[in-house]
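Undergrad: Quick one: sequence plus predicted model below, questions after.
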Number of protein chains: 4
Amino acid sequence: MDEIDLSGMDLPEKERKILQAAIGVFSEKGFSASTTNEIAKNAGVAEGTIFRYYKTKKDILRGILIQAINLFSSKIVIGGVEKIFGSAEEKDLRTLLKELLHDRLKLVETFFPMFRVILTEAIYHEDVREALYKNIAVKAIEAVGNLQENMVNRGFVRGDVSPTALLRSAIGSLAVLIAQKILMGDKFTSEEFEAEADIAIDILLNGLAPRSPDSET
Amino acid sequence: MDEIDLSGMDLPEKERKILQAAIGVFSEKGFSASTTNEIAKNAGVAEGTIFRYYKTKKDILRGILIQAINLFSSKIVIGGVEKIFGSAEEKDLRTLLKELLHDRLKLVETFFPMFRVILTEAIYHEDVREALYKNIAVKAIEAVGNLQENMVNRGFVRGDVSPTALLRSAIGSLAVLIAQKILMGDKFTSEEFEAEADIAIDILLNGLAPRSPDSET
Amino acid sequence: MDEIDLSGMDLPEKERKILQAAIGVFSEKGFSASTTNEIAKNAGVAEGTIFRYYKTKKDILRGILIQAINLFSSKIVIGGVEKIFGSAEEKDLRTLLKELLHDRLKLVETFFPMFRVILTEAIYHEDVREALYKNIAVKAIEAVGNLQENMVNRGFVRGDVSPTALLRSAIGSLAVLIAQKILMGDKFTSEEFEAEADIAIDILLNGLAPRSPDSET
Amino acid sequence: MDEIDLSGMDLPEKERKILQAAIGVFSEKGFSASTTNEIAKNAGVAEGTIFRYYKTKKDILRGILIQAINLFSSKIVIGGVEKIFGSAEEKDLRTLLKELLHDRLKLVETFFPMFRVILTEAIYHEDVREALYKNIAVKAIEAVGNLQENMVNRGFVRGDVSPTALLRSAIGSLAVLIAQKILMGDKFTSEEFEAEADIAIDILLNGLAPRSPDSET
DNA sequence: TATGAATGAGAATTCATTCAT
DNA sequence: GATGAATGAATTCTCATTCAT
C-alpha cells in the first residue's frame, strides 16, 4: 500500500526517495504529525539531506502536490477515462462504467497514500482546491464533454444535461462505492463488491424511480 | 459558520467553551497543527484549565468525536430525514429529495467545522470510521429501510434494490453537490445551485440513460 | 566582572536573570556564537523559559540594548558627568577631568560585558548606532553645552569651540586610555596608569605643542 | 568599499579569492553569522575548495588576521606615517597632522571590511590584541620615538612626554573623528568634516584650556 | 585539484503538560 | 476550581566538514 512509483517523474534519485517516504509518512499521520526525522529514516537519507531538496517541511508537501497534479491531471486520470471510452466501440455503457469503476478503484488503491495526503490538504486549503480544480476538474469536464456527443448519438446517455452535471453524478455514484471499498474494505468481499457495483451502475443509468412498466418489456 | 451550539449537551459551562473553541481551532488548522494555547485563548480560559477537563490534547478530540456522534446519530441527522419523508404524504419524491438536499446542506453548513474535524479523523483512523459506521450509518440504513416500503408502495422508488444501495446512491449524488457548494461556494450562485440541484435529482431519479421514447409521452 | 546589576530596572525575577546571563554569554562569545542553551544554564532556567520572555534569540539582544540605553542615557552616564562638574565649584579642570576619568573607567569596568555587546552590535548595525546616537550622544552634547559656558567663564576651557568638538576631543583622549587599561590591563600597574592619565589630561588641556616660553613663566 | 586588494601577498589565485570573499562576508555579518557557503559563492569556488586551503572556518579568520598584520604592521601603517613626517621638512605640524588624518581616513576607508573583522576579533580575543600590539603598536611607538626628537628640535611638539603618550593622544583625537566619519558618514558633509578636523587638530595641538592672553598676541 | 552532494551534530524554537499559588 | 509560569522533550532547520567522483 506504500511505495508509490514515481520513477516516471525524473527526479534525482534521492529526491524521489524523499518524496516517496514523505507520501508514506504524511499519509499515515497527516502532515503536521509527521516528522522530518521519520521521513529521513524511511527515505534512507540523513535528515539534513531532506533540506537540500526542500527548503522547509512545507515544501515537501508542495512537492507532493505538484507531483500529484502532474500525475493525476493529464496522463493517468483523464487518459484512463479516454482510453476506456474511446476504444470501446462495441460495448454498452453499463460495461464501460464497470470497467471505469474497476480502473478507478485500482487507481485509488495504487495511489492511496498520495490521495489521502492531497485530500486532507484540499479539505483545509482553498489554494490546493483551486489548483486541483484548475488542473484536474477542468480537464475532466472537457474530456467528458468530448465523449458526450458520441455517447448521445449511440443512445447511451441523455443529451439534456451538461458535462458537468453528468460527471458529477457519475463521480458521486462511483466515488461513494470506491470510498467504501477502500476505507471499509474488510466489510466487503469481492463478490459483494461486484454485486453492489452492478446495482450502483444500474441506479446511475436508470435512476431510483421505478421504470415505467412498458419500457421494461 | 463558527460557534456550534452544543448547549443541548449539558456540559459544564467551561467545558462547553473549551470544546467549542477546540472545534473551531481544529477545523481551521487540523488537530496536530492546533495548540492548546490557542484553544484556551479562544475559549477564554487559562491553558491549565483545559487539562482539568481533558487529560490530554487527544482527549479533547475524543470529546469532540463523542459529541459529534451523539449529535449526528439519532437526533439531528437521522431525525431530519425521517421528518422530511415521514410527514410529507402529498409530495412527490423529487420534492422530497429537494427538501432533503437543502436540509442536509444547511446541516453541513451549520456544523461545518465539526464536520471537517471528523472527516479528517475518519480519513486517518479506522476506529473513528468504525464508530461513525456503527452509530450513524447503521441507523441511517435502518431508517431508509423503514421508509422504503412506503415509498415503493407509493410508486416513488424501485423496490429491487437494498436500502444500502439506495442510500449510497442518494448520498453519492447529493454529497458531491453539497461538497462542491461548501468547498467552492464562491463559484456557485444560488440560482446556479438550484438548477444544478434539480438536474442532479433528476439524474438520481431517472438515470443517465435516455428514457425509452414511449415512456416519456 | 560578570553579574551586571540590573535590579534597578524592575523586570520579573526570571527575565532579569535571563538578561543578565545573556549579557555575560554574548559578551564572552559574541551574539551569534552564543547559544540559548548556555544562556539558560547560566540563568538557571529551562531553555524554554527564555522564549516565554523573548520570542527569539535576537529579541534578547534587543532587550539588552534597551536596558543599556536606559542605563547609559540619562541616569548613569550623563548624570555622572553633571555631578562631577556641577558640584565642584572649587576644583580646577585638571582635577575634574581626573575624577571624570576614574569615574568613567569604573563605569566601563562595571558594565564591561554590556559594553562589549553593545559595541560589537554598533560596529555592525547602523540602527544600533542610530539609537545610541539619539539616546546618548545627543544628550551628552547637550550636557556639555550646558557646562561649557560656566567653564569658559571660570577660565577653564576655550570658548571658541563647539560642545561637539570639545566632547569629541575629551572622549578621544580619555577613551584611548580607558580602552588600553581595560583591554591590556595587565600591562599597566596602577601607578603607571595614574602617571599616564596625568599626562593624557595635560596634553588634552595644553596640547601637544610646546607652550610659548613666556606663558610658562 | 569592498574588494580589498591582496594581490601583493602572493597567494594562489583561489586562496586569494577565498580570503577576499571571507573578509567581505565576515565584515558584513561577523564571523559566526557567516557561512562557508556564502563565502564560497562570493569567491566563485565550490564549498569544498575552501577546505583545501583552510582546514576549518576558523582558519580562514586566522588567515585574514595574518594578512592584516602583514599589511598594517610595516608597510602601510607605519610606512605612511614616516613618509608624511619624514619628507615634509617645510610644513608645520598642523599641516602634517591634517595630511596624516586624511591619509589614515583613506586607509580605514579602503580597508574598512578588514578593519571591522579585526576590530571585532580584537575586542573578543586577548591573543589577537597581543598580536596586534606586538606587530603594530610597538612599531608605531618606535616610529614616533624616532620622529619626536626631530619634531621637538623644530619646536613642533613638547619634549616632556613619552612617544607612547604622544601617540596615544594623537590617536585618540584623530580616531574618534575618523570613526565618526566612517560610521556616521551620512551625518557629515565633506566641508563639515574639514572644519571639524581643523578644530580637532587645533585642540590636539593647543589644548582645551584657553591660551594665556599674552601668548596669543 | 576541484567539486558539490551528503552528512549529522547542534541550534533555535514550540508546545503539551505540570504544579505552586 | 482556576490560573499561567515554568518546564524540557521533541521538532525543524542550519552549516561546517567530508569524500566519492
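TA: The structure has been received and is ready for your questions.

Undergrad: Now stretch A:161-179 - C-alpha only, CSV.
TA: Output of stretch A:161-179 as CSV, limited to C-alpha atoms (Å, rounded to 0.1, in the frame of the first residue of the first chain):
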residue,chain,number,x,y,z
VAL,A,161,-27.6,17.6,-19.2
SER,A,162,-24.3,19.4,-19.1
PRO,A,163,-21.0,17.5,-19.0
THR,A,164,-20.5,18.9,-15.5
ALA,A,165,-23.7,17.5,-14.2
LEU,A,166,-23.1,14.2,-15.9
LEU,A,167,-19.6,14.0,-14.5
ARG,A,168,-20.8,15.0,-11.1
SER,A,169,-23.5,12.3,-10.9
ALA,A,170,-21.1,9.7,-12.2
ILE,A,171,-18.5,10.6,-9.8
GLY,A,172,-20.9,10.7,-6.9
SER,A,173,-22.3,7.3,-7.6
LEU,A,174,-18.9,5.6,-8.1
ALA,A,175,-16.9,7.6,-5.6
VAL,A,176,-19.1,6.6,-2.7
LEU,A,177,-18.6,3.0,-3.7
ILE,A,178,-14.9,3.3,-4.0
ALA,A,179,-14.5,5.1,-0.8
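
Undergrad: who does the helix or strand of chain A with the lowest mean pLDDT touch, helix- and strand-wise?
TA: In chain A, no helix or strand scores lower on mean pLDDT, DSSP states H and E than helix A:79-87, which sits at a mean of 75. When contacts are defined as 3 or more C-beta pairs under 8 Å, 6 or more residues apart in numbering or on different chains; DSSP states H and E, helix A:79-87 packs onto helix A:93-110, helix A:138-153. (C-beta placed from N, C-alpha, C; glycine too.)

Undergrad: Could you pull out the buried residues of that helix?
TA: A:80, A:81, A:84, A:85 (16 or more other C-beta atoms under 10 Å in any protein chain shown).

Undergrad: What residue in chain A comes nearest to DNA strand E?
TA: For chain A, the residue closest to DNA strand E is residue A:48, as judged by C-beta to the nearest atom of the strand, at 1.8 Å.

Undergrad: What segments of chain A are helices?
TA: Here chain A has its helices, by DSSP state H, at A:13-29, A:36-43, A:47-53, A:57-72, A:79-87, A:93-110, A:112-124, A:126-132, A:138-153, A:163-183, A:190-206.

Undergrad: Would you single out the least confident of the ones you listed?
TA: Among the helices of chain A, helix A:79-87 has the lowest mean pLDDT, at a mean of 75.

Undergrad: list the contacts for the residue nearest to residue A:33 when sequence neighbours are not counted?
TA: Nearest non-adjacent residue to residue A:33, counting by C-beta to C-beta, 6 or more residues apart in numbering or on different chains: residue B:32, 4.1 Å away. Residues counted as contacts of residue B:32 (C-beta atoms under 8 Å, 6 or more residues apart in numbering or on different chains) are A:29, A:30, A:31, A:32, A:33.

Undergrad: Go through the buried residues of helix A:79-87 and name the one nearest DNA strand F.
TA: residue A:80 (34.7 Å).

Undergrad: ok, that closest one touching residue A:108?
TA: No. The pair residue A:80 / residue A:108 is not scored as a contact, 11.6 Å apart, by C-beta atoms under 8 Å.

Undergrad: What pLDDT does the model give the residue nearest to residue A:33?
TA: Reported pLDDT for residue B:32: 96.

Undergrad: cool, and residue A:75?
TA: 63.

Undergrad: now do residue A:217
TA: For residue A:217, the model assigns a pLDDT of 37.

Undergrad: likewise residue A:6?
TA: pLDDT recorded at residue A:6 is 51.

Undergrad: Residue B:135 is nearest to which of the helices of chain A?
TA: Of all the helices of chain A, helix A:163-183 sits nearest to residue B:135, with 15.8 Å by C-beta to C-beta.

Undergrad: So among the contacts of residue B:32, which ones count as buried?
TA: Here, 16+ other C-beta under 10 Å leaves A:30, A:31 buried among the contacts of residue B:32.

Undergrad: Just the closest of the contacts of residue B:32 to residue B:90, please.
TA: residue A:30 (48.4 Å).

Undergrad: What is the burial count for residue A:195?
TA: 14 (other C-beta atoms under 10 Å in any protein chain shown).

Undergrad: what residues are up against residue A:63?
TA: Contacts of residue A:63 by C-beta under 8 Å, 6+ apart are A:19, A:22, A:53, A:54.

Undergrad: What distance do you get for it to chain B?
TA: According to C-beta to the nearest C-beta, to the nearest Å, residue A:63 stands 19 Å off from chain B.

Undergrad: Residue A:39 too?
TA: 15 Å.

Undergrad: Can you give me the neighbour number for that residue?
TA: When neighbours are counted by other C-beta under 10 Å, residue A:39 comes out with 25.

Undergrad: Tell me which residues touch it, please.
TA: A:18, A:21, A:22, A:25, A:50, A:60.

Undergrad: rerun that using 6 Å as the cut-off
TA: By C-beta atoms under 6 Å, 6 or more residues apart in numbering or on different chains, the contact list for residue A:39 reads A:21, A:22, A:25.

Undergrad: will you turn these into a markdown table that also has neighbour count?
TA: Below are the contacts of residue A:39 laid out as a markdown table (neighbours: other C-beta atoms under 10 Å in any protein chain shown):
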| residue | neighbour count |
| --- | --- |
| A:21 | 23 |
| A:22 | 27 |
| A:25 | 26 |
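
Undergrad: Now the residues you listed in JSON lines, please, with extra columns for distance to chain B.
TA: What follows is these, written out as JSON lines (distance: C-beta to the nearest C-beta, whole Å):
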{"residue": "A:21", "distance to chain B": "18"}
{"residue": "A:22", "distance to chain B": "15"}
{"residue": "A:25", "distance to chain B": "12"}
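
Undergrad: how close does the residue nearest the centre of chain A get to chain D?
TA: Among the residues of chain A, the one closest to the centroid is residue A:108, at 5.2 Å (C-alpha atoms, centre = their mean). Distance, residue A:108 to chain D, using C-beta to the nearest C-beta: 43 Å.

Undergrad: what number of residues lie near the nearest residue in space to residue A:51 that is not next to it in sequence?
TA: Closest residue to residue A:51 apart from its sequence neighbours, by C-beta to C-beta, 6+ apart: residue A:36 at 7.9 Å. With neighbours defined by other C-beta under 10 Å, the count for residue A:36 comes to 18.

Undergrad: show me what contacts residue A:36?
TA: Residue A:36 makes contact with A:47, A:50, A:57, according to C-beta under 6 Å, 6+ apart.

Undergrad: Which among these count as buried?
TA: Among these, those classed as buried by neighbour count (16+ other C-beta under 10 Å) are A:50, A:57.

Undergrad: okay, the contacts of residue A:36 in CSV with distance to residue B:102 next?
TA: Formatted as CSV, the contacts of residue A:36 follow (distance: C-beta to C-beta, whole Å):
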residue, distance to residue B:102
A:47, 51
A:50, 48
A:57, 42
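
Undergrad: For residue A:55, give me the backbone phi and psi.
TA: Main-chain torsions, residue A:55, degrees, to the nearest 10: phi -60, psi -40.

Undergrad: Oh, that last question was meant for residue A:158, not what I typed.
TA: Dihedral angles (degrees, to the nearest 10) for residue A:158: phi -60, psi 150.

Undergrad: One more: residue A:30?
TA: The phi/psi pair for residue A:30 (degrees, to the nearest 10) is phi 90, psi 160.

Undergrad: residues from chain A in reach of DNA strand E?
TA: A:12, A:13, A:14, A:45, A:46, A:47, A:48, A:49, A:51, A:52, A:53 (C-beta under 7 Å from any atom of the strand).
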